[in-house]
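Undergrad: Predicted model and sequence below, questions to follow.
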Amino acid sequence: MKAQIPSELGEPFYEGSVQRLYSVPEDDSLMIAETTSRGSVFDVGALFEIEGNDVNRALFRHVLYSRLGDPAVWERVKEAVQSDPGLSEAYRAELLSEDLELCCQNGANTHHVGMLDAETGELVRSGVPSHPSACNVVKRFHILKPERTRFLGSPLFDYGKFAHSDGFVVPLECIVRFGITSASSVFRKYNQMDAKAKAAFERELGCDGPLMAWQYLTHPISDFTSKHEPEDRMVSKQEALTMCGLSGAEFARIGRLSVLGAWVVRNLVEDLGLRLWDLKWEFAKSGDKLFFVDTIDTDSIRATLEQEWDGVRYAIHCNKQAMRDYFALLHADWIQAIAEAKDQGRKEGRAFTEILRARQSAGEAPKNPDVDPEFLTIQVEKMTAIRDSLAGMCSVTEAQKRLEASGQAELSFYAKRGKVEALRKINGIS
């Protein structure tokens, strides 16, 4: 691939709320993914910008995908699985599979090719570029979407074509959870169930017992959501198998790879003094190979730092959950408007964003709120500390000190606004 200076890429062929995609002129099997500094929460589109987070997130992605391709990293995962005291022998045996052995020999298959140097445009396949950019080069796979249909007036989605296709991104988000936070979607759903439904849900997830907030599990659990519907929808493992276009054996493989890959991420963030709670993966199928694909960065994982304030321990989010909590604590009326629009969208089979925008235009729902600059500055420092550590620009110890200082600044921010007690209810862990 020829040098591609990021500032001279031209027009993207796709622009989303937080990412732009560009063609590679001489190779249509590749594309350039440019991360932006914009942030999106609650699926309503870009709402804020965290300065420098375009490069921060792209670098996290480059470093992590490079690790996924490194056999030595997978040897560390194998050791972690072999020595984890919480795993049952049956669960351990399933993870210590041929998939893991192949990763230990060759690394994992991923769509990642490398990162462009911001100044020279050189494609850096391993290691960190001298001038990290917001642009990663990745393999291209087809994006197929289910067809809308109806059954006796109810909106449905037809996934039939996936089983007859190849070279496509699997239409699932594969979520791995090492623990349960107060904001976990499965925890919110669980709390709305009666005792019988809770027991069935625990079996579906593969839990050992009841779910509790800020509980670290004896073994990771997995669940799945739809990818190309108006709203991500949690689906059972049986429905996920039916809609994904994979054979049963391939579906089981993405389950194992999701958990094993999550251990790669866990090792990375634990080295920074953070605790990994959950993350989401996507996969692509090409022939008999399965590839890790799509973004994996601080927006798609949930990692926290433990901090104390007035004798109470808090989980400080070093990820997009910090922004979700900000809106929930300071703009509850807007959150309620989103929930109402989503409920109507599910009933009518419409995109909830259309409903929300119409209500906002009519003055029936609050406008999208701005974010306090002081809070954004705190998030910038968190993300920059992580980036500097990954790029070798500061020691792990220094990055940990910076993250701790940012955690204290965030707690002080909420204290000044009288929101510490509200924060304790969702992120207090003692």
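TA: Cool, got the structure.

Undergrad: When you work out contacts or count neighbours from here on, use the C-alpha atoms and nothing else.
TA: OK.

Undergrad: So D117 sits against R125, correct?
TA: No - with contact defined as CA atoms under 8 Å, D117 does not count as touching R125 (10.4 Å).

Undergrad: higher neighbour count, these two?
TA: More neighbours surround D117 than the other of D117 and R125, with 23 against 16 (other CA atoms under 10 Å).

Undergrad: Check the spacing between that one and S389 real quick.
TA: In this view, D117 and S389 are 18 Å apart by CA to CA, to the nearest Å.

Undergrad: and what of Q379?
TA: Per CA to CA, Q379 is found 16 Å from S389.

Undergrad: So which of these two has more stuff around it?
TA: Q379 (26 against 18).

Undergrad: Let me know the secondary structure of that one.
TA: The three-state assignment at Q379 reads helix, by DSSP: H, G, I helix; E, B strand; the rest coil.

Undergrad: Can you name the residues that contact it?
TA: With contact set as CA atoms under 8 Å, 6 or more residues apart in numbering, Q379 has these partners: I50, C318, S406.

Undergrad: Which one of the residues you listed is nearest to A399?
TA: Set against A399, the nearest of the contacts of Q379 by CA to CA is S406 (10.6 Å).

Undergrad: pLDDT value on the most centrally placed residue in the chain, please?
TA: Closest residue to the average C-alpha location of the chain: S300 at 1.7 Å, with CA atoms, centre = their mean. You'll see S300 listed with a pLDDT of 86.

Undergrad: what comes up buried for stretch 96-113?
TA: For stretch 96-113, burial by neighbour count (16 or more other CA atoms under 10 Å) applies to 96, 99-101, 103-104, 107-113.

Undergrad: One more: stretch 189-202?
TA: Residues Y190, K198, F201 are the ones in stretch 189-202 that count as buried (16+ other CA under 10 Å).

Undergrad: Out of those, which comes closest to I355?
TA: Y190 (27.3 Å).

Undergrad: Only alpha carbons, please: show the strand or helix carrying the closest one as CSV.
TA: Using DSSP states H and E, Y190 sits in helix 185-191. C-alpha atoms of helix 185-191 as CSV (Å, rounded to 0.1, in the frame of the first residue of the first chain):
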residue,chain,number,x,y,z
SER,A,185,-28.0,-3.8,30.3
VAL,A,186,-28.4,-7.3,31.6
PHE,A,187,-28.6,-6.0,35.1
ARG,A,188,-31.3,-3.5,34.3
LYS,A,189,-33.2,-6.2,32.5
TYR,A,190,-32.7,-8.7,35.3
ASN,A,191,-34.1,-6.2,37.9
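
Undergrad: Please compute how far the helix or strand that it is followed by lies from its chain's middle.
TA: Counting by DSSP H and E, the element after helix 185-191 in chain order, helix or strand, is helix 195-205. Distance of helix 195-205 from the chain centroid (CA atoms, centre = their mean, to the nearest Å) equals 25 Å.

Undergrad: average model confidence for helix 195-205?
TA: On average, the pLDDT along helix 195-205 is 94.

Undergrad: Now do it: everything it contacts.
TA: For helix 195-205, the external contacting residues (CA under 8 Å, 6+ apart) are Y190, D208, G209, P210, L211, I221, S222, D223, S236, K237.

Undergrad: I'd like these as TSV, with pLDDT and secondary structure appended.
TA: Converted to TSV, the contacts of helix 195-205 look like this (pLDDT from 0 to 100; DSSP: H, G, I helix; E, B strand; the rest coil):
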residue	pLDDT	secondary structure
Y190	95	helix
D208	86	coil
G209	90	coil
P210	94	coil
L211	95	coil
I221	95	strand
S222	94	strand
D223	95	strand
S236	95	coil
K237	96	helix
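
Undergrad: if we take those residues, which one ends up nearest to V371?
TA: Nearest to V371 among those: Y190, at 30.8 Å, using CA to CA.

Undergrad: which ones are touching that closest one?
TA: So Y190 contacts K198, F201, L211 (CA under 8 Å, 6+ apart).

Undergrad: can we see that at 6 Å?
TA: Y190 sits next to no residue when contact means CA atoms under 6 Å, 6 or more residues apart in numbering.

Undergrad: where's it relative to G428, distance?
TA: Noted for Y190: a distance of 20 Å to G428, by CA to CA.

Undergrad: What of T298?
TA: Taking CA to CA, one finds T298 at 21 Å from G428.

Undergrad: Same check on M1?
TA: In terms of CA to CA, M1 sits 50 Å off from G428.

Undergrad: Now do the phi/psi pair for R150.
TA: Main-chain dihedrals, R150, degrees, to the nearest 10: phi -140, psi 150.
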